[in-house]
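Engineer: coordinates only, sequence not included:
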């Protein structure tokens, strides 16, 4: 069986409905080949004949590990360091200079994928806050990308947007078998805490944040899910705090609890 050739419409609908229930992700019909391609190796690995059989199997109560593997495969998104740099510039110029010394500055990267966004933010805070304490939480629904994020080990291709000065200061360049890779400095890695969170479920006790980044994830949600997720996150944002979405996203029609201060940047009154 070739990837894609065996995924029937009815089976694709089963995966779509499950992904919507589990993660709030609304897959369009054009994503059928993507679903087939990403899950094909699991069928091959277990020598399962059809996608429908695999779906039935992962839904069994004793197969929660494989269910998470399928979720990881279908929710992983490509990312890189300093994606959408205007947001990092905004933090550096508009937010960090006004931070009062003494209190811990807290930031949440709420769809952190494999960690490049959270570590980019860590570099910005390390540069801009001096002796003021800070911490970052990075979260994602995928255990696979979070495991990679905790290692802080990346291919150099992901770092094309990383300013040279920060690359030299906060990254170790791989040599020998690790040539072509970088490792985030251990001191910086220790300041970022990665945890698995499903934004479509009740949130754990995380405390309050000065800034929440929720970028490049709402594009996968329908309007009702966007509203639910933002409503769930807003109580964790401190008054006066900033809520940042990607340039391709907007809170227009999603929430009127925030004020737009710049394209894709909102503030809690």
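Structural biologist: Thanks, I have it. Because the structure is predicted, anything quoted here is derived from the model rather than measured.

Engineer: Helices along the chain, start to end?
Structural biologist: 9-23, 32-46, 51-58, 64-75, 86-90, 116-128, 143-151, 164-170, 186-189, 223-233 (DSSP state H).

Engineer: Residue 264 is nearest to which of the ones you listed?
Structural biologist: Shortest distance between residue 264 and those, using Cβ to Cβ, is found for helix 86-90: 7.3 Å. C-beta coordinates here come from the backbone N, C-alpha and C atoms, glycine included.

Engineer: which other helices and strands contact the closest one?
Structural biologist: With contacts taken as 3 or more Cβ pairs under 8 Å, 6 or more residues apart in numbering; DSSP states H and E, helix 86-90 sits against helix 116-128.

Engineer: List the single closest residue to residue 99 in space, sequence neighbours excluded.
Structural biologist: Counting by Cβ to Cβ, 6 or more residues apart in numbering, residue 99 lies nearest to residue 105, which is 5.4 Å off, once chain neighbours are set aside.

Engineer: Quick check, pLDDT for that neighbour.
Structural biologist: Note for residue 105: predicted pLDDT of 98.

Engineer: circling back: mean neighbour count, the helices of the chain: which tops it?
Structural biologist: Among those, the stretch with the highest mean neighbour count (mean count of other Cβ atoms under 10 Å) is helix 116-128, at a mean of 23.

Engineer: Next, the angle from it to helix 143-151.
Structural biologist: With axes from the mean of the first three to the mean of the last three Cα atoms, to 10 degrees as the basis, helix 116-128 and helix 143-151 are set at 30 degrees to each other.

Engineer: what residues go with each domain of this protein?
Structural biologist: Per the record, the chain has its domains at 9-75, 86-267, by automatic domain parsing.

Engineer: ok, back up a step: let's have the helices of the chain in CSV, adding distance to residue 248 and mean pLDDT.
Structural biologist: Conversion of the helices of the chain to CSV gives the following (distance: least, Cβ to Cβ, whole Å; pLDDT from 0 to 100):
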stretch, distance to residue 248, mean pLDDT
helix 9-23, 19, 95
helix 32-46, 18, 94
helix 51-58, 30, 96
helix 64-75, 18, 92
helix 86-90, 13, 98
helix 116-128, 15, 98
helix 143-151, 20, 96
helix 164-170, 25, 96
helix 186-189, 28, 96
helix 223-233, 13, 97
